[in-house]
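Visitor: Sequence plus the predicted model coming up.
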Amino acid sequence: MTDSNNPRVLLVRGLEHALFRLNSIAHRYADTDFKLIEDALETARQDARRDARQDQPPERLLILLDGGLVQAVCTTQPGIEVAVLDQDTEGADPSDISAVEGEIDTLYGSLSRPPVTDAPELIDSAWQTLAGDHIPCLGSHEA
């Protein structure tokens, strides 16, 4: 279900329009503060966005490694951007090491952008295997 068809999103859009009209009337005729209405509207907007996201399947990634190196990233949704921070910096050129700051810690490593491929069937197969829906391959898988 797209956002434009989600009943909650449509309700929030209607409320936004009503709030706009109320604010224009208030500014024209009085100094009425609509802060409580604006706060309630923002809460409804956040709830509608959260509910709209829950109606959609999760975006999934499958990261392909070979020899400990990221070879590619497969996604279920096109347009996802991916960055890899390799924290194995032993022997790395200091000019290749980046600092990535987070809420709790700063991480150091080599940043790269692996190729990203839209591969929903491959990812579905991986998730089915994780759920136990497939029998694992026994024996050699190398060509």
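Guide: Received, thanks. Numbers count the residues shown, from 1 in each chain.
Visitor: where along the protein do the helices fall?
Guide: 7-29, 35-54, 120-130 (DSSP state H).
Visitor: Flag every buried residue along the shortest one.
Guide: Burial within helix 120-130, assessed by neighbour count using 16 or more other C-beta atoms under 10 Å, is assigned to 123, 126. In this view, the C-beta of every residue, glycine as well, is placed from N, C-alpha and C.
Visitor: What is it packed up against?
Guide: Applying 3 or more C-beta pairs under 8 Å, 6 or more residues apart in numbering; DSSP states H and E, one finds that helix 120-130 makes contact with strand 61-66, strand 69-75.
Visitor: Given the first one, what are its sheet partners and their directions?
Guide: Each strand that pairs with strand 61-66, with its direction, by DSSP bridges: strand 69-75 (antiparallel).
Visitor: Return the set of buried residues in the strand it pairs with.
Guide: Neighbour counts using 16+ other C-beta under 10 Å place 70, 73-75 of strand 69-75 among the buried residues.
Visitor: JSON lines for those residues, including distance to residue 60 and pLDDT?
Guide: Shown next, in JSON lines, are those (distance: C-beta to C-beta, whole Å; pLDDT from 0 to 100):
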{"residue": "70", "distance to residue 60": "16", "pLDDT": "83"}
{"residue": "73", "distance to residue 60": "11", "pLDDT": "85"}
{"residue": "74", "distance to residue 60": "9", "pLDDT": "86"}
{"residue": "75", "distance to residue 60": "7", "pLDDT": "84"}
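Visitor: Give the single residue among these positioned nearest to residue 46.
Guide: residue 75 (25.9 Å; C-beta to C-beta).
Visitor: I'd assumed residue 124 was in contact with the closest one.
Guide: No. Look at residue 75 against residue 124 with C-beta atoms under 8 Å: they stay out of range, at 12.0 Å.
Visitor: Report the mean confidence score over stretch 83-99.
Guide: The average pLDDT within stretch 83-99 is 87.
Visitor: Now it: buried residues?
Guide: Result for stretch 83-99 [16+ other C-beta under 10 Å]: no buried residues.
Visitor: Any regions of this structure where pLDDT drops low?
Guide: Scanning the chain with the threshold set as pLDDT under 70 gives 1-6, 8-9, 21-38, 40, 51-57, 133-143.
Visitor: Kindly recompute the last result at 90.
Guide: 1-94, 96, 99-143 (pLDDT under 90).
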